[in-house]
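>>> below are the sequence and a predicted model for it; my questions follow.
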Amino acid sequence: MSKAAYQRFFTSLPVPALVVDSLAFIQQANERASDLLDLSHEPSLQHKSMLLYLNPESRRRLQWCLAQRNHTGMHEMLDVQLNIDEGYVLPCNIHITRLDAELDVASYDGQMSLLVILDQSPVQAQRLSEERYRQQTQRLGEVIWASQSGVWEWEMSNPSLICNARWAEIQGYTLDELLPITMDDWVKLVHPDDQAAVLAIRTQLQHAQADTFDHKIRLTHKLGGWIWVQHRGRVIERDEDHKPERVAGALVDISNEMAQAHALEAAKLAAEEAQRINSEFMANLGHEIRTPLNSVLGLIELLENTPLQPQQKELLHEMHDSSALLRNTLNELLDNAKLEAGGVELEQTPIELRELLGSTMVLFTRHAKEAGIGLSARIAPDVPEAFLGDALRLQQVLNNLVSNAIKFTSVGRVDINITRLQQNIDGQVELMVEVQDTGIGIKPGDQPRLFTPFFQSDSSITRRFGGTGLGLSICKRLVTLMGGSLGVESTPGVGSRFWFTANFKLLDTQASSAPASKPSEWHVEEARSATQLPLLLDTHEQRKQLQTLAQALKKHDIKAIEITETLMRYQDQSKHSVLTTIKSKLDAYDFLGALDVLNAVSVETSAS
């Protein structure tokens, strides 16, 4: 090639081209190379090393290629990172060709080489895209494998299905045993009861009436029987007329989940049936027990109104109290069963609050007087006179709290206070009811569990005061049904404050404030002097033991100045002396009975 021909060839190259010497200094550059490397367009250049544009690895490779003086043909440097500018790297290939010496390029005596730079950005981008696609395909395959999904694809112009191996494994087959298989053939493997749904979905997809589907169907298994699968899919390709051309889907074996669901449903139905039977039994039992029990209470009340001796009146009184206690226990058990079954619905009838509270005070006045404690009740002036609600359930909660307060209070008083918390909002009023006593109090550790069914602080509570431990649990649920909450604040040895809130609907003609036509305050003063010591007689059996003890004390000249049903006090004998004397004069059985009573009650003694 002549020198002139070479120059024409060199300048007309459509890619960047350079001529370098054996040390990689640039001797000549065409226009594209000058633009790329920011060189002068003059044919003759100030010497600038090509090594400046390469990283260390590429420098060594270029220097090795240029040093091969005896080589012929071409060298090729692939995947070179050319440092064009600060922060910009061009991926390229560099082709190196030894030039003939007679060309006398740039009048340099050394060996010249032609470097042609081929931009690899599009190629590298394609290569990266292919690599990303390969990685994504690999990840997708791993996800499908991990999900244990059987994948299928259906080109709607071709009746055959394309499936993976898991698709066949779910049905107990190998892929070779099922393929080739058409959509119609696969539908025949579906349970007869589910085939109509599958065919309906296929029709909707073919007529572009649906894009996706997701349902549970049953498929026949190679070993016999049926398996449940979750069958999902969607249209993945449409033609120019928006008609579906390809559909893809997946199967997941959910036989275990369906078996568990069926077992849970069967257990639920069995539990509901057992609950229904239990509710019916409790209702029948309640009727069978309540009817004769109410008759007994009625007969006792009739007998109390006849001429009786004092001892007979006392016995009838004990019978009445025991029967009433039995009835209350039965009511609590039945209410708890109803609440457990969700069978309690609140009525919405007019409630006369002052009349309701007045009946509560009448009911508990005698109990407060017998216990020798004070009892008071107050309704705030802004509490409405009447509203809609369930009067029976409201009084049940109130009576339970007041009954507990009197039962656990031996000195002091019980106070009931009803206030209004919220102003009228959409015809609603929120009330707070507080019952505060000066009783034995509740341990802090027991307060969080106080509203749990059957919970009592300790077994001595049941022995001393009776009860099932259901009352407060029932109150909690009833208050919740009323849209309120129930809580307690208590200090052992000081007393307790039980409170609950409830929401009621005002009557349409309700005034904003309560009229004063009925009393809003009631008071029962404390009857016991401060020097008397209370004695709580828990059961009829303990009363009998106290009577035996009192007779023994009198018989053996052990002085007892006062023994009554609710008050006992020893004088002139220390507790130790009393026990020693009783033990020496009573047989073992009577002594143990007396000792049990003494240990269960508070006895004030003084040294003789």
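Sure thing, it's come through.

>>> do I have it right that D119 meets I84?
No: using Cβ atoms under 8 Å, D119 is not in contact with I84, being 10.6 Å away. For the C-beta atoms, the positions are set from N, CA and C on the backbone; glycine is no exception.

>>> common neighbours of the two, please.
Each of L90 lies in contact with both D119 and I84 under the rule Cβ atoms under 8 Å, 6 or more residues apart in numbering.

>>> who's in contact with the closest residue to G441 other than its chain neighbours?
Excluding its sequence neighbours, the residue lying closest to G441 (Cβ to Cβ, 6 or more residues apart in numbering) is P492, at 3.9 Å. Listed by Cβ under 8 Å, 6+ apart, the contact set of P492 reads I440, G441, I442, K443.

>>> let's see the pLDDT reported for the second one.
Turning to G441, the model gives it a pLDDT of 89.

>>> helices along the stretch 101-250 of the chain, start to end?
121-146, 165-170, 175-178, 183-187, 192-206 (DSSP state H, counting those that start in this stretch).

>>> show me how far the second one is from its chain's centre.
The gap between where helix 165-170 is centred and where its chain is centred comes out at 37 Å by Cα atoms, centre = their mean, to the nearest Å.

>>> check which helices and strands that helix sits against.
With contacts taken as 3 or more Cβ pairs under 8 Å, 6 or more residues apart in numbering; DSSP states H and E, helix 165-170 sits against strand 149-155, helix 175-178, strand 244-253.

>>> how about the CA coordinates for that helix, as PDB?
Coordinates of each C-alpha in helix 165-170 appear next as PDB, following Å, rounded to 0.1, in the frame of the first residue of the first chain:
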ATOM      1  CA  ALA A 165     -42.400 -31.500  36.000                       C
ATOM      2  CA  ARG A 166     -44.000 -30.400  39.200                       C
ATOM      3  CA  TRP A 167     -47.300 -30.000  37.400                       C
ATOM      4  CA  ALA A 168     -47.300 -33.700  36.800                       C
ATOM      5  CA  GLU A 169     -45.800 -34.700  40.200                       C
ATOM      6  CA  ILE A 170     -48.700 -33.000  42.000                       C
END
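
>>> re the thing from before, and the helices and strands packed on helix 165-170 as TSV, adding distance to Q422 and mean pLDDT?
Conversion of the helices and strands packed on helix 165-170 to TSV gives the following (distance: least, Cβ to Cβ, whole Å; pLDDT from 0 to 100):
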stretch	distance to Q422	mean pLDDT
strand 149-155	56	85
helix 175-178	70	87
strand 244-253	53	88
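
>>> include distance to I373 and mean neighbour count when you put these into JSON lines, please.
Conversion of those to JSON lines gives the following (distance: least, Cβ to Cβ, whole Å; neighbours: other Cβ atoms under 10 Å):
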{"stretch": "strand 149-155", "distance to I373": "74", "mean neighbour count": "19"}
{"stretch": "helix 175-178", "distance to I373": "86", "mean neighbour count": "12"}
{"stretch": "strand 244-253", "distance to I373": "70", "mean neighbour count": "19"}
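
>>> a markdown table for the ones you listed, including distance to E237?
What follows is the helices and strands packed on helix 165-170, written out as a markdown table (distance: least, Cβ to Cβ, whole Å):
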| stretch | distance to E237 |
| --- | --- |
| strand 149-155 | 8 |
| helix 175-178 | 23 |
| strand 244-253 | 4 |
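
>>> I'd like to know which of those lies nearest to F408.
Proximity to F408 (Cβ to Cβ) singles out strand 244-253 among the helices and strands packed on helix 165-170, at 60.9 Å.

>>> quick one: which of the helices and strands packed on helix 165-170 is nearest K222?
helix 175-178 (8.0 Å).

>>> who does the closest one touch, helix- and strand-wise?
Applying 3+ Cβ pairs under 8 Å, 6+ apart, we find helix 175-178 packed against helix 165-170.

>>> which residues touch the helix it packs on?
By Cβ under 8 Å, 6+ apart, helix 165-170 touches 144-145, 148-152, 174-175, 177-179, 219, 227, 229, 251, 253.

>>> circling back to that earlier point, closest to P453 out of the contacts of P492?
I442 (17.0 Å).

>>> for that closest one, give me its contacts.
Taking Cβ under 8 Å, 6+ apart, we find I442 in contact with L450, S457, V488, S490, P492, S496.

>>> any low-confidence regions in the stretch 101-250 of the chain?
The stretch 101-250 of the chain contains residues with pLDDT under 70 at 101-110, 121, 123-125, 127-129, 137, 140-147.

>>> residue boundaries of the strands in the stretch 301-450 of the chain?
Using DSSP state E, counting those that start in this stretch, the strands of the stretch 301-450 of the chain run over residues 349-352, 374-379, 386-389, 413-420, 428-437.

>>> redo those strands as JSON lines? Include distance to Q275 and mean pLDDT.
Shown next, in JSON lines, are the strands of the stretch 301-450 of the chain (distance: least, Cβ to Cβ, whole Å; pLDDT from 0 to 100):
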{"stretch": "strand 349-352", "distance to Q275": "28", "mean pLDDT": "91"}
{"stretch": "strand 374-379", "distance to Q275": "39", "mean pLDDT": "92"}
{"stretch": "strand 386-389", "distance to Q275": "28", "mean pLDDT": "90"}
{"stretch": "strand 413-420", "distance to Q275": "36", "mean pLDDT": "93"}
{"stretch": "strand 428-437", "distance to Q275": "32", "mean pLDDT": "92"}
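
>>> between the helices and strands packed on helix 165-170, which gets nearest to L346?
Closest approach to L346 among the helices and strands packed on helix 165-170 (Cβ to Cβ): strand 244-253, 46.6 Å.

>>> helices or strands next to that closest one in the packing?
Partner elements for strand 244-253 (3+ Cβ pairs under 8 Å, 6+ apart): strand 149-155, helix 165-170, helix 192-206, strand 226-238.

>>> residues in contact with it?
By Cβ under 8 Å, 6+ apart, the list of residues contacting strand 244-253 reads 144, 147-157, 167, 170, 205-206, 208, 213, 219, 227-239.

>>> what about 7 Å?
147-157, 167, 170, 205-206, 208, 227, 229-239 (Cβ atoms under 7 Å, 6 or more residues apart in numbering).
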